[in-house]
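Student: below is the sequence, then the predicted model.
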Amino acid sequence: AQSVTQLDSQVPVFEEAPVELRCNYSSSVSVYLFWYVQYPNQGLQLLLKYLSGSTLVKGINGFEAEFNKSQTSFHLRKPSVHISDTAEYFCAVSGPGGSEKLVFGKGTKLTVNP
Amino acid sequence: GAGVSQSPSNKVTEKGKDVELRCDPISGHTALYWYRQSLGQGLEFLIYFQGNSAPDKSGLPSDRFSAERTGGSVSTLTIQRTQQEDSAVYLCASSLQGITEAFFGQGTRLTVV
């Protein structure tokens, strides 16, 4: 069974600084990987996903993530954050082909300060 | 519909009462999930329906929790004899078979008093 660890529960940064939100997964088979974002008082929406192919995945709002199979990681990055990026970010993993449930990490609260 | 619809959006119930939470997935989506979101606990998986396969109930926290999906569409999550620790936001999501993206509803905020 898959599991996801998000190493940082809270990440405070200043506006225009770079940010990396860390995600490690545990699985014995190949996986699909996702990052979801939840803005204050809103529902979850997909930020980006890795299914196969290029290990560098680009998503919405300037975010990108890199799949590293040897390190079983899928860290999320943005070179310059905005106040509007303040939100909670969730990493998730599922088995290939949708054969297994989608499992989420506990989330990382990103706070961008002026 | 345009998205995943959950009802009610808010529910306050007395300890010991039963509650039913409803989820209308996106039309044509064969996979449906229920999650529970509590402060600081992330999204806790509850149950997963995929087409006609037997549901994955491995996340249900106790036998007070059950869910069904009728006709491969609407799903109902039932919590019997509610306890205060059941207070949380219950989220439903749906996706196409061979998951590429799960679409989430706005959730039902359950408060047990």
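Tutor: Ah, there it is. Numbering: from 1, shown residues only, chains lettered A, B, ... in the order given.

Student: what bridges to the residue most central in space within chain A?
Tutor: Central residue of chain A (C-alpha atoms, centre = their mean): residue A:35, 3.5 Å from the mean position. Assessed by DSSP bridges, residue A:35 has beta-bridge partners residue A:48, residue A:91.

Student: so after the helix or strand of chain B with the lowest mean pLDDT, what's the next helix or strand?
Tutor: Of all the helices and strands that make up chain B, strand B:42-50 has the lowest average by mean pLDDT, DSSP states H and E, namely a mean of 91. Later in the chain than strand B:42-50, the nearest helix or strand by DSSP states H and E is strand B:65-69.

Student: distance from that next one to the middle of the chain?
Tutor: Distance, stretch centre to chain centre, for strand B:65-69: 8 Å (C-alpha atoms, centre = their mean, to the nearest Å).

Student: so that strand, near chain A or not?
Tutor: No: using C-beta under 8 Å from any C-beta of the partner chain, strand B:65-69 never reaches chain A; the gap is at least 13.2 Å. Placement of C-beta: from N, CA and C, glycine included.

Student: is any residue of the helix or strand just after that strand near chain A?
Tutor: Where DSSP H and E defines the elements, the next helix or strand beyond strand B:65-69 is strand B:75-79. No: using C-beta under 8 Å from any C-beta, strand B:75-79 stays clear of chain A, coming no nearer than 14.6 Å.

Student: for residue 85, what are phi and psi?
Tutor: Went with chain A since none was named. phi -80, psi -10 (degrees, to the nearest 10).

Student: let's do chain B instead
Tutor: Torsion angles, degrees, to the nearest 10, at residue B:85: phi -70, psi -10.

Student: contacting residues around the nearest residue to it once chain neighbours are set aside?
Tutor: Of all residues not flanking residue B:85 in the chain, residue B:112 sits nearest, at 8.0 Å (C-beta to C-beta, 6 or more residues apart in numbering or on different chains). Residues in contact with residue B:112 (C-beta atoms under 8 Å, 6 or more residues apart in numbering or on different chains) are B:12-15, B:82-87.

Student: quick check: angle from the least confident helix or strand of chain B to strand B:75-79?
Tutor: 130 degrees (axes from the mean of the first three to the mean of the last three C-alpha atoms, to 10 degrees).

Student: residue B:33: how many residues sit nearby?
Tutor: 27 (other C-beta atoms under 10 Å in any protein chain shown).

Student: how about the one 4 residues further on?
Tutor: Residue B:37: 20 surrounding residues under other C-beta under 10 Å.

Student: run through the bridge partners of the nearest residue to residue A:65 once chain neighbours are set aside.
Tutor: In space, residue A:65 comes closest to residue A:76 once its chain neighbours are excluded; the distance is 4.8 Å by C-beta to C-beta, 6+ apart. Beta-bridge partners for residue A:76, by DSSP bridges, are residue A:21, residue A:65.

Student: quick revisit: and the furthest pair within the contacts of residue B:112?
Tutor: Pairwise distances across the contacts of residue B:112 (C-beta to C-beta) peak at 15.5 Å, for the pair B:12 and B:85.

Student: which of those two has more neighbours?
Tutor: Neighbour count, other C-beta under 10 Å: between residue B:12 and residue B:85, residue B:12 has more, with 12 against 9.

Student: residue B:87 is in contact with the more buried one, correct?
Tutor: No: counting by C-beta atoms under 8 Å, residue B:12 stays clear of residue B:87, with 9.5 Å between them.
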